[in-house]
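1. Sequence and predicted structure, then a few things I'm wondering about:
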Amino acid sequence: MPFAPDPFSTVRSVARHVRRFRGKTFVVKIGGELIDDAECRASVSEQLSLLWSFSIPIVIVHGGGGAVDALCDSLGLATEKVAGRRVTPPEVLRAAGMALKGDAQVRLVSSLLSAGLPAVGLTGQDAGLVTAARRPPVVMDGRLVDYGEVGDITAVDPTLVTRLIEGGFVPVVAPLTGGADGAVYNTNADSVAASLAVALGAEKLLFLVRVPGLLQDRDNPASLVPFADLAAVDQLVASGAVSGGMRPKLDAARLALEGGVTSVHLVSGVGADNLLVEVFTNEGAGTMLVRQADRGAPA
C-alpha cells in the first residue's frame, strides 16, 4: 500500500535540487560548539556525507572556541572576546594552535571519516591557502581593543583546496593563517569560510550553529527569519537584535555575497537533518541570505 498518493513526489523534489547543485561547491562552517557535542558532530557528518554522495563538492571550515577555552583554563590563561572575536595574546595563540589543529580538528575529521567522507585536515597556513596580516588596534563597542595575534585576511590561494577536491577529497580547514613574514595568526573562522567561498566561486556558504538561524528576537527561537537580503540584515543589526557571535557571521555573509556567492545560510546543527532540509526543500530549516531580495528566493 503506498504511503501517499504519489510516494515518489519527495524523491522527485530532491532530485531537482540535486541536479541544480551537482558539481557546485558548498563551503560549510561548523561551529566549535557542535564539534564538542558528539551527537551533533555525528549527525552533521552524516548529512555532509549525503551531500557529497550527490557529487556536491564540500569544503569545511571549523571553529573550536570551546576547545580553546578549555585548554586556556587548564593552563591558567585568561580569555577575552570582544564583539564575538577572541583577543589573542601570544600565549593564547599557542593554545589556539594546539586546540584547533589538535583536539577540535582531530575529532571532526574522525567523525567525517566514520561517515564515509575522505576528509583531510588542513590549516589556512598550508601551501599559503590563507594569508593574513596582524590586525591593528580598533575601536569596538566604544573602546580601543588590541586583538593581539589575530590576523585579518589579505589573500586566498585556493590551489591546494581545488587540487584536493579534484582528487575526491574533502578539505577540513582550521582557522590558523600565515603572514607574509612567517607569522602565525588566529583568524576568525567565519571570515576564513567566507573568503574561501569567494575564492572558490562557491554556490553556497552554510554556517552550522546551535540556534535555529537568524532571529528577530535573540531570546525567542520562534522568531526565525527564514529569508533576508543585506538591506534587511542591516535593519536587524540597527535594531539591536544581533549581538555576540552572530555579528561576525553576518559580516562574513556580507563578504561572501558581495564577492559573488549565490546564497548564505544559517542553519541549526542541532537535531536531525536540518542541513538536508535547508538544501533540498523550498521551505528550508534556517535562514537564507542573498545580496538583494530580487536575486533569489528560498531554495
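-> Received it, and whenever you're ready, just let me know what you need.

2. can you tell me the helix or strand for the nearest residue to Leu75 once chain neighbours are set aside?
-> Spatial nearest neighbour of Leu75, excluding adjacent residues (C-beta to C-beta, 6 or more residues apart in numbering): Ala95 at 6.2 Å. C-beta coordinates here come from the backbone N, C-alpha and C atoms, glycine included. Using DSSP states H and E, Ala95 maps to helix 90-98.

3. buried stuff in whichever strand or helix holds Arg19?
-> Assessed by DSSP H and E, Arg19 sits inside helix 9-21. Residues 17-18, 21 are the ones in helix 9-21 that count as buried (16 or more other C-beta atoms under 10 Å).

4. what mean pLDDT does it have?
-> Throughout helix 9-21, pLDDT has a mean value of 80.

5. Off-centre distance for the following helix or strand past it?
-> Downstream of helix 9-21, the next assigned helix or strand under DSSP H and E is strand 26-30. Relative to the mean C-alpha coordinate of its chain, strand 26-30 is positioned 4 Å out (C-alpha atoms, centre = their mean, to the nearest Å).

6. what's strand 26-30 packed up against?
-> Secondary-structure packing of strand 26-30 (3 or more C-beta pairs under 8 Å, 6 or more residues apart in numbering; DSSP states H and E): helix 38-53, strand 58-62, helix 189-200, strand 204-209.

7. Dump the ones you listed to CSV, plus mean pLDDT and mean neighbour count.
-> Compiled in CSV, the helices and strands packed on strand 26-30 are given as follows (pLDDT from 0 to 100; neighbours: other C-beta atoms under 10 Å):
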stretch, mean pLDDT, mean neighbour count
helix 38-53, 95, 19
strand 58-62, 97, 26
helix 189-200, 96, 26
strand 204-209, 96, 27
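
8. From Ala252, how far off is the closest residue to Gly259 other than its chain neighbours?
-> Once flanking residues are discounted, Gly259 sits nearest to Val198: 3.3 Å by C-beta to C-beta, 6+ apart. Using C-beta to C-beta, to the nearest Å, Val198 is found at 10 Å from Ala252.

9. again with Lys24
-> Taken as C-beta to C-beta, the span from Lys24 to Ala252 is 20 Å.

10. These two: which has the busier surroundings?
-> Applying other C-beta atoms under 10 Å to Lys24 and Ala252 shows that Ala252 carries more neighbours, namely 23 against 14.

11. OK, contacts around the more buried one?
-> 188, 190-191, 193-194, 205, 207, 264 (C-beta atoms under 8 Å, 6 or more residues apart in numbering).
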